[in-house]
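Asker: Take this sequence and fold it.
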Amino acid sequence: MSEPTVAIPVPTSEPDASAPANRRVYRGGFSTSICDLFRYPARRTDCCSIACCGVLSSDRNRYLLFGELPPPLWRRLLMYLIIPALFIASLNYFAVEVTIPANGSSYGNNDQNGDTTTIKVAPLPLRLAFYAYLIFLGVRGRMEKRKTRNEIMAKLYREQAAARGEEVDPNQIARYLHQHRLDVLRAHSSYSCCYAHDLPVDGNNEFDDVIVEEDCCSRFWDCLSKTFWNACCGMWCQCCSACAIAQEEREIERLTGNVEPKMDYITFEPFAEYFPAIQHLNENQISSFKEHARAISKLSVKLLKSVAAVLATLGLFALSDIDKNFTFANMIVLLLTLFQAFFLEYLIWWRWNRFDISFDSVIKFFACGFLLTTPTVIIFELIVSIVTGLFSMIAMTFILVEDSDLLDKLQTDPKHAMKDLAVGHPVLFIFTLFLNAFVIAALCEEMIKYFGYWMVVTPDLLPQKRSNDSSDENEENTPNAKSVRSAGSGITVAMCSVALGFACCENLMYVFGYTPGQSLGVEIETLIVRSIFPVHPLCAAIQSIGVCKRDLEGQRGVGIGRILSPAILLHGSFDFVLMVAGYLQQVKNIKEGNDDDSDMAKEDGSDAVMSADDIPTLVITFGMVLVGCIYYVWQSRAQTKRLIAMDRAVAVDESSTLALV
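Answerer: I've put the predicted structure just below:
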């Protein structure tokens, strides 16, 4: 049975009564600017406004504002996945072949040479119905988001009027919302522009001297807002209303008093309902996995049930022999891919750190890496690859201007022209590979893995008090349930769990997605090669050193740049070596006439992933991974000593306080 979408009471605490009179007021009455995304590095909610196109944040906003639960999962799958998939299948099934000229001219024009080709065209009514359904989904989503924004603005108008001692009637609110209708429409469009200079509407400069701690991410965001769009039309561009959703979430937290995280996303289960059982396990050092598996939240239960349902469906699909490319043997490879990630998770969490972070948190962080981080990485890598591709195209243009023969050959025989370009201009290709390795792959993946960790809030990583201590009168003298060292281990496990979830999904794409129809041996070989180099969890562990310095040791100079730099250097170098080795091997094959188009290559018929020529590359990359492990162990041991010293200092302070009492 699915949960109905009903209104339920939301526990709230009243915000500071003096806040309305002493806060900035931006366009629409908001206390923060729509351009404040990532302006404050310590704010976690901004990450959730980007993941899944802001669906999770929008659900939480409506829950806190209206008390509405989100629609059940089956309804969303039906509306956003199953029905579009049925439309696409129908378009392909009912498509008819149409003959058109080979030169691509319109139906009515005849090709002078008489060459024709055929294409499949779906019936016009079916196409129009598909487009209408997509428009319906877009309009429906926009209307829900605009309803939320209007309600927030109405609450803010009442709040400001109450601070001035004025009474408000519904007609005044209606006129106010009508005056700002363009801002509401602009804030929640799929691709829209909002004001880059969203300054306080009352011209209040009282807070101009407030110092905001910035990092490279917030500075980069500010840089974007001051570039083309600002210089051209004074606007800031956003996609899928991410900036507006983040602004609304910040405002709703202030209005409802839910500034501190108190509940899970999706299920909205309060931490207080399931976390005491987790604390009981940790404080009593209970080592039974069965007990740990019982002490999980409703969200984790849903995630585990979803995994079981997907695996069961895939198993039945493999046994049915419907698709020859996915048999029972391929299902075994899929399970082995999952087992590799779960085995590393077992070592990192259960074997060494089972009492530093709960099983519930491990499930959530792993799911975030698998379900949220991976699609976000794909989108950002696509965007960044387009930008970096422009640099390669500019460099390639200069080469073609100097070499007219190569330009002519590129027009007549582009495939062989690209081979000549690869052999004759290695600097261009190596520069492109450098951008691919360090910017597209390493920078995007390491940054989004960090944000994947940052967007998940679990009670394990929040400041805790002992479960048997019911005194709230003097919280600063209440002993903390976790040591600083244990909190550091929990952060490391959490970040590695996100990385393992992302690596698991990436391995599945490499094994099954990027080379469909390959042999079973190639799938197993690909899995083995990717399993012996656990770069993603290693880079996440290296990131955790910087996070612990910032969050536990209180080193304010450690920002996101210093956290990510070592991981980006290791990850980028690893990928760069592999890419350059592949490029050099391809150049060698071209020179020997042994590339994909040659008869020699076709006679072999081998589709093996590895060869003897790859051994030096594997040795170099293995050495790089070993260096990364040594660096992490060195830094981790030094940090552990510092955290133990902090725990001892806290213990001495507590003993002194108890002696005085």
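
Asker: Dump stretch 430-441 to CSV, keeping only the CA atoms.
Answerer: C-alpha atoms of stretch 430-441 as CSV (Å, rounded to 0.1, in the frame of the first residue of the first chain):
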residue,chain,number,x,y,z
ILE,A,430,47.8,15.5,-25.5
PHE,A,431,46.5,19.0,-24.5
THR,A,432,42.9,17.7,-25.2
LEU,A,433,43.6,14.6,-23.1
PHE,A,434,44.9,16.8,-20.3
LEU,A,435,41.7,18.8,-20.3
ASN,A,436,39.6,15.6,-20.3
ALA,A,437,41.6,14.1,-17.4
PHE,A,438,42.0,17.0,-15.1
VAL,A,439,39.0,19.2,-15.9
ILE,A,440,36.2,17.1,-17.3
ALA,A,441,36.8,13.9,-15.2
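
Asker: so how far is it off the chain centroid?
Answerer: Its chain's C-alpha centre and that of stretch 430-441 lie 21 Å apart, by Cα atoms, centre = their mean, to the nearest Å.

Asker: what does stretch 303-311 give?
Answerer: Distance, centroid of stretch 303-311 to centroid of chain: 21 Å (Cα atoms, centre = their mean).

Asker: What residues of it count as buried?
Answerer: Within stretch 303-311, the residues scored as buried using 16 or more other Cβ atoms under 10 Å are residue 303. C-beta coordinates here come from the backbone N, C-alpha and C atoms, glycine included.

Asker: What is the longest helix along the chain packed up against?
Answerer: Longest helix of the chain, by residue count under DSSP state H: helix 615-660. Judged by 3 or more Cβ pairs under 8 Å, 6 or more residues apart in numbering; DSSP states H and E, helix 615-660 is in contact with helix 484-508, helix 535-551, helix 560-591.

Asker: Low-confidence ranges, the stretch 451-600 of the chain, go.
Answerer: Applying pLDDT under 70 to the stretch 451-600 of the chain flags residues 464-481, 514-518, 595-600.

Asker: mind running it again at 90?
Answerer: Counting by pLDDT under 90, the stretch 451-600 of the chain contains low-confidence residues at 455, 457, 460-483, 509-533, 554-562, 582, 585-600.

Asker: The stretch 51-200 of the chain now?
Answerer: Applying pLDDT under 90 to the stretch 51-200 of the chain flags residues 51-58, 65-78, 80-82, 85, 88-123, 137-145, 159-170, 179-200.

Asker: 70 instead, please
Answerer: In the stretch 51-200 of the chain (pLDDT under 70), the answer is 102-115, 190-200.

Asker: Mind jotting down where the helices sit in it?
Answerer: With helices called from DSSP state H, counting those that start in this stretch, the stretch 51-200 of the chain shows them at 55-66, 73-77, 83-93, 124-163, 170-179, 181-187.

Asker: just the ones you listed: most buried one?
Answerer: With neighbours taken as mean count of other Cβ atoms under 10 Å, the helices of the stretch 51-200 of the chain reach their highest mean count in helix 55-66, at a mean of 21.

Asker: For that one, list the C-alpha coordinates in PDB.
Answerer: What follows is helix 55-66, C-alpha atoms only, in PDB (Å, rounded to 0.1, in the frame of the first residue of the first chain):
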ATOM      1  CA  VAL A  55      12.800  17.600  -6.800                       C
ATOM      2  CA  LEU A  56      13.900  16.600  -3.200                       C
ATOM      3  CA  SER A  57      14.100  20.300  -2.100                       C
ATOM      4  CA  SER A  58      10.800  21.100  -3.700                       C
ATOM      5  CA  ASP A  59       9.100  18.200  -1.800                       C
ATOM      6  CA  ARG A  60      10.600  19.300   1.500                       C
ATOM      7  CA  ASN A  61       9.600  22.900   0.800                       C
ATOM      8  CA  ARG A  62       5.900  21.900   0.300                       C
ATOM      9  CA  TYR A  63       6.000  19.600   3.300                       C
ATOM     10  CA  LEU A  64       7.300  22.300   5.600                       C
ATOM     11  CA  LEU A  65       5.000  24.900   4.100                       C
ATOM     12  CA  PHE A  66       1.700  23.100   3.500                       C
END
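
Asker: Now for residue 122, how many residues are close by?
Answerer: By other Cβ atoms under 10 Å, 17 other residues sit near residue 122.

Asker: Excluding chain neighbours, what is closest to it?
Answerer: residue 91 (4.1 Å; Cβ to Cβ, 6 or more residues apart in numbering).

Asker: same question, residue 134
Answerer: Counting by Cβ to Cβ, 6+ apart, the residue nearest residue 134 is residue 84, at 7.6 Å.

Asker: got a list of what the one you found touches?
Answerer: 130, 133, 134 (Cβ atoms under 8 Å, 6 or more residues apart in numbering).

Asker: Output those residues in CSV; the columns should cover distance to residue 317.
Answerer: Shown next, in CSV, are the contacts of residue 84 (distance: Cβ to Cβ, whole Å):
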residue, distance to residue 317
130, 26
133, 27
134, 28
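
Asker: List just the nearest of those to residue 43.
Answerer: residue 134 (33.4 Å; Cβ to Cβ).

Asker: And that closest one, how far from residue 429?
Answerer: Separation of residue 134 from residue 429 (Cβ to Cβ, to the nearest Å): 40 Å.

Asker: Also residue 559?
Answerer: The gap separating residue 559 from residue 429 is 34 Å, by Cβ to Cβ.

Asker: and residue 625, what pLDDT?
Answerer: pLDDT, the model's per-residue confidence, is 93 for residue 625.

Asker: now swap in residue 303 and tell me
Answerer: pLDDT, residue 303: 93.

Asker: Does residue 644 touch residue 486 like I think?
Answerer: No. Counting by Cβ atoms under 8 Å, residue 644 stays clear of residue 486, with 10.7 Å between them.

Asker: more neighbours, these two?
Answerer: Between residue 644 and residue 486, counted using other Cβ under 10 Å, the more crowded position is residue 486 (19 against 14).

Asker: Now that one. Nearest residue, chain neighbours left out?
Answerer: residue 356 (4.7 Å).

Asker: just checking, that neighbour touches residue 490?
Answerer: Yes. Counting by Cβ under 8 Å, residue 356 does reach residue 490; the two are 4.4 Å apart.

Asker: Show me the common contact partners of these two, please.
Answerer: Residues within reach of residue 356 and of residue 490 at once, by Cβ under 8 Å, 6+ apart, are residue 482.

Asker: Residue 48: what's it in contact with?
Answerer: Neighbours of residue 48 in contact, by Cβ under 8 Å, 6+ apart: 54, 56, 57, 60, 249, 265, 455.

Asker: Please produce CSV containing those residues, extended by distance to residue 299.
Answerer: Shown next, in CSV, are these (distance: Cβ to Cβ, whole Å):
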residue, distance to residue 299
54, 18
56, 11
57, 16
60, 13
249, 18
265, 7
455, 14
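
Asker: For the stretch 251-400 of the chain, which segments count as helices?
Answerer: 271-283, 289-294, 298-320, 328-345, 359-367, 374-402.

Asker: tell me the contacts of the closest residue to residue 344 other than its chain neighbours?
Answerer: Distance criterion Cβ to Cβ, 6+ apart; nearest residue to residue 344, sequence neighbours excluded, is residue 500 at 5.8 Å. Shown in contact with residue 500 (Cβ under 8 Å, 6+ apart): 341, 344, 345, 348, 366, 369, 536, 537.

Asker: Buried ones among the residues you listed?
Answerer: Among the contacts of residue 500, those buried by neighbour count (16+ other Cβ under 10 Å) are 341, 344, 345, 348, 366, 369, 536, 537.
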